[in-house]
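Asks: The following comprises the amino acid sequence and a computationally predicted model.
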Amino acid sequence: MSLKSIFMGLALGLAASVSYGQYNTLHIPDTLSGTTFNLNMRDSFVQFRTGNQTITAGINGAFWGPTLFFNKGDSVHMNVRNYLNDTTTLHWHGFHLPAVMDGGPHQTIPPGAIWRPYWKVTNNASTYWYHPHLHMSTEKQLIEGLGGFIIVRDAAEAALALPRTYGIDDIPLALTSRSFDASNAFTSTSAYGDYMVVNGTMNPQVSLPKQYVRLRILNAEMERGYNLGFSDNRTFYVIGNDGGLLDAPVPVTRVKLLVGERIEILVNLTGDAVGSSIDLKAYNAGFPLGWPGGEPGTTGPFGSLLNNINFNILHINVAAATTGAITALPSSLVSNTYLTAGDATVTRTLNVTDGTPGRPFYFDHANFDLATINHTLQLNTVEKWTVVNNNVFGHSFHIHDIQFKIISRSSGPVNAYESGWKDSYYLGINETVSFVAKFDDYADDIHPFMYHCHMAPHEDGGLMGQFVVRDATGVNNTIKDPADFKVYPNPANDRIYFSFNDPTMQAYYVTITNAVGRTLYMLPRPHLADGIDISKFAQGNYFVQLTDEATKKVITKHFIKQ
Amino acid sequence: MMKQGIVNRLLIAAAIVPAIFLLSFAAISVREVKDFSLKNVDGAMVSLKDYPNAKGFIIVFTCNHCPFAQLYYKRLNELNAKYAAKGVPLLAISSTDTINYEDDSFEKMVLKAKREQLNFPYLYDNTQQVAKDFHAQKTPHAYVIWKVDGKWVVKYSGAIDDNGAHAELANNHYVAAAIDELLAEKEVSIKDTKSIGCQISFRK
């Protein structure tokens, strides 16, 4: 018996002694709706296990955040306040918006600051999410619990007979897992957690009514993929992908969901007896190496008690039907007009490279660099992107700004269940996948969008690149002197106002800092006509740094709060 | 052949493991800390040398804003009430970067000390130097230091106990146990635990 097998025996003995005990009631995140959203990111703690609490971070709570409801067509305004002990960012995953509002690695929010992005919601009704995206700290901040769902509603979705009573027959499920050390602190020694956590609940159960129910499932893992199915192998119906509803429900018994991907499914519980139960499970046993979570070991940097086994995600208890229950499957959903390969006028190819021992994965041998723009795209262009993964492991490819259509997989036909609008997809080992997308509406020469593997250790390791969308017809590149402005009144009590010497001048960014350098406000493209509220500031000296939209030059002014 | 390899590996493991234990043990047992002079919430400067009769100190790095640190104020009062009389007073130190954390400003420390009726000095480590000297990681992070040959030596570093939210459920009272052992002139059994709470971010 070798030492290694002794250690393995010890590890297995520990695993066998872990008792699951009672189910816990699935947490349904609180909701926020309207057009102004206040999100406070804080350090906190949660009683995950017997004994000491686990240090976490949450948004308006202790772990994970509220579900935000947006209406397509509304302009949404976000007040993101960072009370964490760390700089962070908050990215609106899946949304089509200006790059300066995107919350990627460039839009850092220092501790104590408020970041105020806003945009017009043009995305289709679907399930999106928000999460931190601070380069090289994304995994750490995701593990702490930062993130939340966004549900977009629109007229086309509202016209359909679909379950949409949140928390009753329309359930968000954020799937992830965590490992703990002896003091119950989260650990990140492995890319895979040992214990399933759904919406922040370990070993969860939920009561669902005896009717068609809608599950909005997000893979919120660091790295693990889920091969989803039900314990009785029943057929269920995929109705939506990352960026909208499909043309018609797609019947399946298994669906792969990789990190960052969302899927909306309908589950038919009309034939289930009240009081009966079924389990939503991960059928992750038997995958070859390359499937994330298919590794055989329980310890080490890629070990987990959940690796390469089938395990429970959610225990479902069937309860009585509700009034107004959906009892039939719609035969069709919405009419999508997808782009095709023939629409693309530009093609690009990315290769997943490196990933050799001691070296992370990169795109085309280049480590991610915040100061390097890897691709410059022209506004309103349809592009075909091909990502080649002739490498040792699978990935989850994600691109910001747009929703795309997958047009080919080298491994075989594109699955019907992923035939809709996507922003993330599984890029298997030795696979090449192509998609087409139109890069419209939002040009910005300065702020880039990201494309990356959404597996947090890969993204933090440098498997990420960035692109700007350029408007060649725009005036962004005109060479001229920056305009000037004044802040008044000075000294001020309640609000400061801006007076521009050139009436065409626009603010690209305004930052307000105090005398010791603490950032109080970060305001991308602020509307300044009504001034800025400073009534809650302490007395003292403050600085306004305004970036001129036309020249991107920064002008700093001083004012005194009385 | 195979057997020989295993025996060799076992021998190597047997040699390495105690060496590591001894190293870490040695590192902790001889760690000295320097005296400091920090402003208390009452405005007075406080140093270790102001307590000529102290056998040791409980030094707790804590702060206003951290929710996990907030769970412990009452327990800190109890520790100080019990052990100051035995020559082991408690000093709390806030070393948070107050440029980033307005809630941890000196003015708000004064308010917090009043509201929580803290019965011990709450000191403002404005430059974060004392936290760096102690290698404090989290709030709260407790140390028990003891006077050995006129020097202040770290005898315990880590958590105060093992249950933040439910004091009554704590199984290990690390700080109290360490002091009890030291007062009985015994070796501290648990010298080092992981401090749990909010990361102390050092100003760059």
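Replies: Arrived safely, thanks for sending.
Asks: C-alpha only now, for contacts and for neighbours.
Replies: Will do.
Asks: which residues does A:A529 contact?
Replies: Contact analysis of A:A529 by C-alpha atoms under 8 Å, 6 or more residues apart in numbering or on different chains lists A:497-498.
Asks: Could you do A:R164 as well?
Replies: So A:R164 contacts A:170, A:214 (C-alpha under 8 Å, 6+ apart).
Asks: That one belongs to a helix, doesn't it?
Replies: No. Judged by DSSP: H, G, I helix; E, B strand; the rest coil, A:R164 forms no part of a helix; its state is coil.
Asks: measure it to chain B for me?
Replies: Noted for A:R164: a distance of 36 Å to chain B, by C-alpha to the nearest C-alpha, to the nearest Å.
Asks: neighbours around the closest residue to A:T36 other than its chain neighbours, how many?
Replies: Nearest non-adjacent residue to A:T36, counting by C-alpha to C-alpha, 6 or more residues apart in numbering or on different chains: A:H77, 4.7 Å away. For A:H77, the count of nearby residues is 16 (other C-alpha atoms under 10 Å in any protein chain shown).
Asks: Look at the residue in chain B positioned nearest to chain A and report its pLDDT.
Replies: Using C-alpha to the nearest C-alpha, B:N163 is the residue of chain B that sits closest to chain A, at 4.4 Å. B:N163 carries a pLDDT value of 97.
Asks: wait, it sits on B:S195?
Replies: No. The pair B:N163 and B:S195 fails to qualify as a contact (C-alpha atoms under 8 Å) at a distance of 11.6 Å.
Asks: Could you list the low-pLDDT ranges of chain B?
Replies: B:1-30 (pLDDT under 70).
Asks: what does it put close to chain A?
Replies: Residues of chain B lying close to chain A (C-alpha under 8 Å from any C-alpha of the partner chain) are B:6, B:10, B:66-68, B:99-102, B:162-165, B:169-170, B:194, B:196-201.
Asks: mind listing the helices for the chain?
Replies: In the absence of a named chain, chain A is used. A:3-17, A:138-144, A:155-158, A:456-461 (DSSP state H).
Asks: Chain B was what I was after
Replies: Under DSSP H, chain B gives helices at B:2-29, B:67-70, B:73-83, B:106-115, B:129-134, B:174-183.
Asks: Show me what the fifth one is packed against.
Replies: The elements that helix B:129-134 packs onto, with contact taken as 3 or more C-alpha pairs under 8 Å, 6 or more residues apart in numbering or on different chains; DSSP states H and E, do not include any helix or strand.
Asks: What of the fourth one?
Replies: Using 3+ C-alpha pairs under 8 Å, 6+ apart as the contact definition, the elements that helix B:106-115 packs against are strand B:122-124.
Asks: Sheet-wise, list the partners of the strand it packs on with their directions.
Replies: strand B:38-40 (antiparallel), strand B:90-94 (parallel) (DSSP bridges).
Asks: Among these, show me which one is buried the most.
Replies: strand B:90-94 (a mean of 25; mean count of other C-alpha atoms under 10 Å in any protein chain shown).
Asks: Just give the closest residue to A:P117, not the sequence neighbours.
Replies: A:M101 (5.0 Å).
Asks: My guess is that neighbour contacts A:T108. True?
Replies: No. The pair A:M101 and A:T108 does not pass the contact test of C-alpha under 8 Å, sitting 11.1 Å apart.
Asks: Looking at those two, which has the bigger crowd around it?
Replies: Comparing A:M101 with A:T108 by other C-alpha under 10 Å, the one with more neighbours is A:M101, at 22 against 19.
Asks: Show me chain B divided up by domain.
Replies: By the assignment in automatic domain parsing, chain B contains the domains B:1-30, B:32-199.
Asks: which residues sit in contact with the residue of chain B closest to chain A?
Replies: Contacts of B:N163 (C-alpha under 8 Å, 6+ apart): A:51-53, B:169-171.
Asks: Return the distance of A:N40 relative to chain B.
Replies: Taking C-alpha to the nearest C-alpha, one finds A:N40 at 14 Å from chain B.
Asks: For that residue, give me its contacts.
Replies: A:N40 touches A:59-60, A:80-83, counting by C-alpha under 8 Å, 6+ apart.
Asks: With neighbour count and pLDDT as extra columns, can I get those residues in TSV?
Replies: TSV is the format used below for the contacts of A:N40 (neighbours: other C-alpha atoms under 10 Å in any protein chain shown; pLDDT from 0 to 100):
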residue	neighbour count	pLDDT
A:I59	25	98
A:N60	15	98
A:V80	22	98
A:R81	22	97
A:N82	24	96
A:Y83	24	93
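Asks: one step back: mean pLDDT lowest for which of the helices of chain A?
Replies: helix A:3-17 (a mean of 35).
Asks: so what's residue 111 up against?
Replies: Reading this off chain A. So A:P111 contacts A:82-88, A:519, B:100-101 (C-alpha under 8 Å, 6+ apart).
Asks: Please repeat the previous calculation with a cut-off of 7 Å.
Replies: Going by C-alpha atoms under 7 Å, 6 or more residues apart in numbering or on different chains, A:P111 touches A:82-87, B:100.
Asks: I'd like the list of those residues that fall within strands, please.
Replies: A:N82 (DSSP state E).
Asks: Kindly reformat the contacts of A:P111 as CSV containing distance to B:A142.
Replies: Listed next are these as CSV, based on distance: C-alpha to C-alpha, whole Å:
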residue, distance to B:A142
A:N82, 27
A:Y83, 24
A:L84, 22
A:N85, 19
A:D86, 22
A:T87, 26
B:N100, 23
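Asks: who in chain A is up against chain B?
Replies: A:2, A:43-44, A:51-53, A:55, A:85, A:111-112, A:516, A:518 (C-alpha under 7 Å from any C-alpha of the partner chain).
Asks: Recalculate using a threshold of 6 Å.
Replies: Those residues of chain A that sit near chain B, judged by C-alpha under 6 Å from any C-alpha of the partner chain, are A:52, A:111-112, A:518.
Asks: Which parts of chain A belong to which domain?
Replies: If you go by automatic domain parsing, chain A breaks into A:341-470, A:485-561.
Asks: returning to what we had before: quick check: of the residues of chain A next to chain B, which has the highest neighbour count?
Replies: Going by other C-alpha under 10 Å, A:N52 tops these with 25 neighbours.
Asks: Next up, the contacts around that residue.
Replies: Contact analysis of A:N52 by C-alpha atoms under 6 Å, 6 or more residues apart in numbering or on different chains lists B:162-163.
Asks: cutoff 7 Å now
Replies: A:N52 touches A:183-184, B:162-164, counting by C-alpha under 7 Å, 6+ apart.
Asks: Then B:R203?
Replies: Counted by C-alpha under 7 Å, 6+ apart, B:R203 has contacts B:D97.
Asks: do the same with A:V388
Replies: By C-alpha under 7 Å, 6+ apart, the neighbours of A:V388 are A:350-352, A:431-433.
Asks: let's go with 10 Å and repeat that
Replies: A:349-353, A:363-364, A:410, A:427-434 (C-alpha atoms under 10 Å, 6 or more residues apart in numbering or on different chains).
Asks: Of those, just say which sits nearest to chain B.
Replies: Using C-alpha to the nearest C-alpha, the contacts of A:V388 come closest to chain B at A:F363, 31.4 Å.
Asks: separation between the nearest residue to the closest one once chain neighbours are set aside and A:A472?
Replies: Excluding its sequence neighbours, the residue lying closest to A:F363 (C-alpha to C-alpha, 6+ apart) is A:V352, at 4.8 Å. From A:V352 across to A:A472, the span is 30 Å (C-alpha to C-alpha, to the nearest Å).
Asks: Look at the two and report which has more neighbours.
Replies: Neighbours per residue (other C-alpha under 10 Å) separate A:V352 from A:A472, with A:V352 holding more: 23 against 13.
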